[in-house]
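In: Could you work out the structure for the sequence below:
(one chain, ligands or ions: 1)
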Amino acid sequence: MIEFINVGKTYSNNVKALQNINLQIDKGEFVAIIGLSGAGKSTLIRCINQMHDITEGSLVVDDVEVNSLRGKEIRKFRQRIGMIFQSFNLVSRISVLKNVLVSFVPELPFWRKITGIFTKDQKIKALTALDKVGILDKAYVRVDQLSGGQQQRVALARTLAQNPDIILADEPIASLDPITARQVMDDFARINQETNMTIIINIHHVEIALEYAERIIGVREGQIVFDGKVEEVTKDVLQHIYQGETKDIKEIQLEERKRNYV
Ligand SMILES: Nc1ncnc2c1ncn2[C@@H]1O[C@H](COP(=O)(O)OP(=O)(O)OP(=O)(O)O)[C@@H](O)[C@H]1O
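Out: Purely as a prediction, here's the structure:
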């Protein structure tokens, strides 16, 4: 379980990105975090794996007080939490398989990772993960020869091979076309159902969030202003989350897209 207790985060430039966050996320939940640009969505999910330190309150993940972790403990803890980024974060000039194998050796220096010798068992695990996201046939292809959607699937396979308890995804479909975006979301949904991994996605596409997630958390100016089941998300709720700027989902999306292109 992930538990935020009165969590606050103030960056060194005095920006208060999160205030008074109280939140519990149980094992196996599929949660989407929505809100305007700058609302604090990324900060919220990046505190969970200590990419950002919280500055107030307490954040506990499966009985571990996240902010008390140091050095090796952080690396060990992060092995249990997969992270997916908008930009895929792959090594583009090596094969898909090598990119996935890297997940087994987080503690090695980068050059050892890509020249590393891996066991048969590790290779089987990596190939199995690629199979789960439907790109086993690309195992020996260089990453820079893949489409954006395929690259995001490699990133997902790399995370799966690590067998985490939680997957955090920060705008995983933001740079994908609508059809590919849905395919990647289908992967997340399937993984959530088959493995019971907790999935927390920070997402700008409201429509897709409502279609795939079970629970929606709305963040506005660093605070949680909505937390409930998808069925409870009404037009008024969306207006509240998005500061009443827009009238309906379509308009919100248009606004968000414009913002992202600026
Ligand atoms: N490293 C940082 N240093 C200082 N301020 C930051 C840092 N990262 C984010 N912020 C600020 O914290 C606030 C919340 O940012 P955050 O990236 O969490 O929002 P977001 O909802 O994820 O936005 P977006 O959807 O545009 O990614 C913003 O005001 C942002 O400018």
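In: from here on, contacts and neighbour counts on C-alpha atoms
Out: Will do.
In: quick one: the helices in the protein?
Out: Per DSSP state H, the chain carries helices over the ranges 41-48, 71-78, 96-101, 110-115, 120-132, 148-161, 178-195, 206-212, 235-241, 249-261.
In: Out of the ones you listed, which is closest to the ligand?
Out: Closest approach to the ligand among the helices of the chain (Cα to the nearest ligand atom): helix 41-48, 3.6 Å.
In: what's the closest one packed up against?
Out: Judged by 3 or more Cα pairs under 8 Å, 6 or more residues apart in numbering; DSSP states H and E, helix 41-48 is in contact with strand 16-25, strand 166-170, strand 198-202.
In: Can you add mean neighbour count and distance to residue 58 and give the ones you listed back as TSV?
Out: Below are these laid out as TSV (neighbours: other Cα atoms under 10 Å; distance: least, Cα to Cα, whole Å):
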stretch	mean neighbour count	distance to residue 58
strand 16-25	18	10
strand 166-170	24	19
strand 198-202	25	19
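In: can you pull the contacts of the residue lying closest to residue 11 once chain neighbours are set aside?
Out: Distance criterion Cα to Cα, 6 or more residues apart in numbering; nearest residue to residue 11, sequence neighbours excluded, is residue 17 at 7.1 Å. Residue 17 makes contact with 8-11, 39-40, 43, 221-222, according to Cα atoms under 8 Å, 6 or more residues apart in numbering.
In: at 6 Å what do you get?
Out: 9-10, 40, 222 (Cα atoms under 6 Å, 6 or more residues apart in numbering).
In: which of the residues you listed are buried?
Out: In the contacts of residue 17, burial by neighbour count holds for 9, 40, 222, counting by 16 or more other Cα atoms under 10 Å.
In: got the contact list for the last one?
Out: Okay, so that is residue 222. 17-19, 39-40.
In: a markdown table for the residues you listed, including distance to the ligand and pLDDT?
Out: A markdown table is the format used below for the contacts of residue 222 (distance: Cα to the nearest ligand atom, whole Å; pLDDT from 0 to 100):
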| residue | distance to the ligand | pLDDT |
| --- | --- | --- |
| 17 | 4 | 97 |
| 18 | 7 | 97 |
| 19 | 11 | 97 |
| 39 | 4 | 95 |
| 40 | 3 | 96 |
